[in-house]
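Colleague: coordinates for the following, if possible.
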Amino acid sequence: MRYRSALRPEGSPINLAVGLVGRSGAGKSTAVSAAETAVHWIGEDVPESTMVRSGEGIPALLGYMSADKGSDGDPALAWRRHDRAAWLHWDEVGQLGAQGARSGSTVLDSIKSLTSGERLGGQNSRGDGLSIPPGSYRAVVTIAVQPRRAEPLLNESAVAGGLTARFLWFSTEDAEAADAMRPGAETDAVAVPLDQWDSVRYVDALPEMDAAHEADQRAAMRGERDPEDSRRVLNRAFIAIALANMAGRSVLTSEDWHLAGAVLRHSDDTLADMRAEALAPDPSELRAEAAQEDRIVAKVAEVRATGAAWGYVKRALTRGDRPVLDQMVREGLVIKW
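Modeller: Predicted structure coming up:
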């Protein structure tokens with residue numbers, strides 16, 4: 001099944017990346033568990049979440065080379081699931097960042113390829129290896145993201161290369177939920193039938209969606225589209241398809257597209273809040289800096305009380321405190337005598 005618009009009559013793979021954003025203990029893992037429990041899919045099983053340790057592990061999650069030979073006599077590709085679907089999940093963005101920082105790592109680029117439905121894997125120097133054809137699979141990527149550790153997904157390279165644009169961002173923090181009463185009775189799971197998709201090859205864009213795609217493409221050609229918005233309209237379309245799916249429909253309505261816009265605005269707000277927190281000074285670092293300044297002020301007062309000359313102050317400080325003293329003098333926090 002693919003999403004088809006006037007600009008892409010061949011269709012786009014409906015693959016998605018989601019960042020679950022919250023500080024430590026805010027409920028990122030709980031959100032995943034709650035979603036698995038709250039929704040019951042009828043007519044299909046959902047792939048179990050899996051974390052891979054390298055970009056090369058992603059193709060292996062989808063398929064393997066069978067011992068059976070294909071028509072050309074070479075090993076044939078065998079799919080691990082009949083629906084060719086996979087769910088990649090990282091409990092901590094730090095795990096993904098560490099993997100991406102390794103020399104020669106391809107995991108971050110592989111996530112971009114995966115969400116775009118591009119070819120995965122390839123042949124090695126010996127002429128063998130695993131290759132997953134483009135547009136032949138379905139995939140979802142979810143990552144639990146602590147704002148202060150989100151640098152691998154938000155840095156300049158991630159933005160310019162289109163990685164940041166692949167993601168929808170959902171906050172797991174809700175001040176109102178903190179005061180809500182816990183339900184007294186057990187809540188039934190939401191049943192979502194999937195048989196409406198059995199014979200569906202394409203989900204067609206609505207006229208207003210085609211218009212949005214065209215306006216987006218023209219903005220890109222004029223150089224007016226921000227790199228972070230390169231997938232914005234497509235992501236909104238995928239949200240609309242998800243909403244139609246939850247309603248048991250395989251045909252989009254204008255309401256799906258409208259509600260998807262509200263979801264996208266939440267994603268924008270979450271991204272902005274995450275950036276602001278990532279750039280804000282770390283409270284623990286601020287406390288350490290304040291303690292260092294207090295220590296320097298006390299030492300300066302101690303030296304002055306002895307009647308010693310200013311030159312003796314630096315001798316009384318550690319090597320690490322001396323540059324800070326110079327800065328404090330420039331800012332007028334310490335007065336020389």
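Colleague: and the strand or helix carrying Glu285, what does it pack onto?
Modeller: Following DSSP states H and E, one finds Glu285 within helix 283-305. In terms of contacts (3 or more CB pairs under 8 Å, 6 or more residues apart in numbering; DSSP states H and E), helix 283-305 is packed against helix 311-316, helix 322-330. Every residue, glycine included, has its C-beta placed from N, CA and C.
Colleague: next, the buried residues of the longest one.
Modeller: Buried residues in helix 322-330, defined by neighbour count with 16 or more other CB atoms under 10 Å: 324-325, 328.
Colleague: output those as a markdown table; include the columns distance to Ala150 and pLDDT.
Modeller: Shown next, in a markdown table, are these (distance: CB to CB, whole Å; pLDDT from 0 to 100):
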| residue | distance to Ala150 | pLDDT |
| --- | --- | --- |
| Val324 | 29 | 90 |
| Leu325 | 34 | 91 |
| Met328 | 32 | 89 |
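Colleague: any low-confidence regions in the stretch 1-150 of the chain?
Modeller: 26-27, 69-74, 100-101, 103-105, 123-128 (pLDDT under 70).
Colleague: now do the strands in it.
Modeller: 2-4, 12-13, 16-21, 39-42, 49-50, 63-69, 75-79, 85-90, 120-121, 131-132, 138-145 (DSSP state E, counting those that start in this stretch).
Colleague: any chance of the ones you listed in JSON lines, plus mean neighbour count and distance to Pro207?
Modeller: Shown next, in JSON lines, are the strands of the stretch 1-150 of the chain (neighbours: other CB atoms under 10 Å; distance: least, CB to CB, whole Å):
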{"stretch": "strand 2-4", "mean neighbour count": "17", "distance to Pro207": "13"}
{"stretch": "strand 12-13", "mean neighbour count": "20", "distance to Pro207": "18"}
{"stretch": "strand 16-21", "mean neighbour count": "24", "distance to Pro207": "23"}
{"stretch": "strand 39-42", "mean neighbour count": "12", "distance to Pro207": "31"}
{"stretch": "strand 49-50", "mean neighbour count": "14", "distance to Pro207": "37"}
{"stretch": "strand 63-69", "mean neighbour count": "13", "distance to Pro207": "38"}
{"stretch": "strand 75-79", "mean neighbour count": "15", "distance to Pro207": "36"}
{"stretch": "strand 85-90", "mean neighbour count": "20", "distance to Pro207": "30"}
{"stretch": "strand 120-121", "mean neighbour count": "22", "distance to Pro207": "34"}
{"stretch": "strand 131-132", "mean neighbour count": "20", "distance to Pro207": "34"}
{"stretch": "strand 138-145", "mean neighbour count": "23", "distance to Pro207": "26"}
